[in-house]
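[1] Here you go, sequence then predicted model.
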Amino acid sequence: AQSVTQLGSHVSVSEGALVLLRCNYSSSVPPYLFWYVQYPNQGLQLLLKYTTGATLVKGINGFEAEFKKSETSFHLTKPSAHMSDAAEYFCAVSDLELFNQGAQKLVFGQGTRLTINP
Amino acid sequence: DTGVSQNPRHKITKRGQNVTFRCDPISEHNRLYWYRQTLGQGPEFLTYFQNEAQLEKSRLLSDRFSAERPKGSFSTLEIQRTEQGDSAMYLCASSSRQGRQETQYFGPGTRLLVL
């Protein structure tokens, strides 16, 4: 089965500083990878996803992530943090078994809470 | 596109009671997923519908849980004889298949507290 590990349940950065949220996955075949953001009392919103092709993926709100197969990583970055980026971030991978049946069962990491200091 | 909606947003119930949640997917989305998110954890897959057919159920979905999607539109998730361990956020997502680049759109969730 596939799995996702997010290193660091809490990350705190200053406004304007680099944001780096770490995600490592395990998969026996090339995965589809996702980053979602969850604001308090809201559902999940897709930030970006990697399926095939270019390994550097750009998403919404200035975020990007790079798929590194050799490191089994998909870290999320943003050059300059804004106060509005404070939220919970989840990395996810498609479960291949269901995917081959045409569905997209997402397997999520435990999440990283991002705090922005003024 | 009005987004995925879920009702109620919050539910408090006593142990042993039955509860039912509703999810209205984005119009014309033929796929619908239910996930459960406990405090401090990421969402976990519960079940999946394609149109009205329930095609997959996680082993997390005990026999006290049942989900339906009549006519392939809205879906309901019922929990019978609730237990304190059922306290969680229940998330619904819908999607329309676009080749292998499906994107799931999540609703705001229903937060359940079992006393």
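    Structure received. Given the structure is predicted, the values throughout are model-derived calculations rather than measurements.
[2] Return the helix or strand in chain B with minimum mean pLDDT.
    Least confident helix or strand of chain B, by mean pLDDT, DSSP states H and E, is strand B:53-57 with a mean of 87.
[3] which other helices and strands contact that one?
    Using 3 or more CB pairs under 8 Å, 6 or more residues apart in numbering or on different chains; DSSP states H and E as the contact test, the elements touching strand B:53-57 are strand B:44-50. All C-beta atoms are positioned from the backbone trio N, CA, C, and that covers glycine.
[4] Next, work out how far apart residue A:69 and chain B are.
    18 Å (CB to the nearest CB, to the nearest Å).
[5] what sits against that residue?
    Contact analysis of residue A:69 by CB atoms under 8 Å, 6 or more residues apart in numbering or on different chains lists A:30, A:55.
[6] The same query, at a cut-off of 7 Å, please.
    Not one residue lies near residue A:69 by CB atoms under 7 Å, 6 or more residues apart in numbering or on different chains.
[7] Next, see if the helix or strand encompassing residue A:116 gets close to chain B.
    Per DSSP states H and E: residue A:116 is located in strand A:112-117. No: for strand A:112-117, no contact with chain B is found by CB under 7 Å from any CB of the partner chain; the gap never falls below 9.1 Å.
[8] ok, that strand: who's next to it in the sheet?
    Applying DSSP bridges, strand A:112-117 is found paired with strand A:10-14 (parallel), strand A:87-94 (antiparallel).
[9] quick revisit: just checking, next helix/strand downstream of the least confident helix or strand of chain B?
    Assignment by DSSP H and E places the next element after strand B:53-57 at strand B:65-68.
[10] Report the beta-bridge partners for the residue of chain A found nearest chain B.
    Nearest to chain B, among the residues of chain A, is residue A:108, at 3.1 Å (CB to the nearest CB). Bridge pairing for residue A:108 (DSSP bridges) gives the partners residue A:92.
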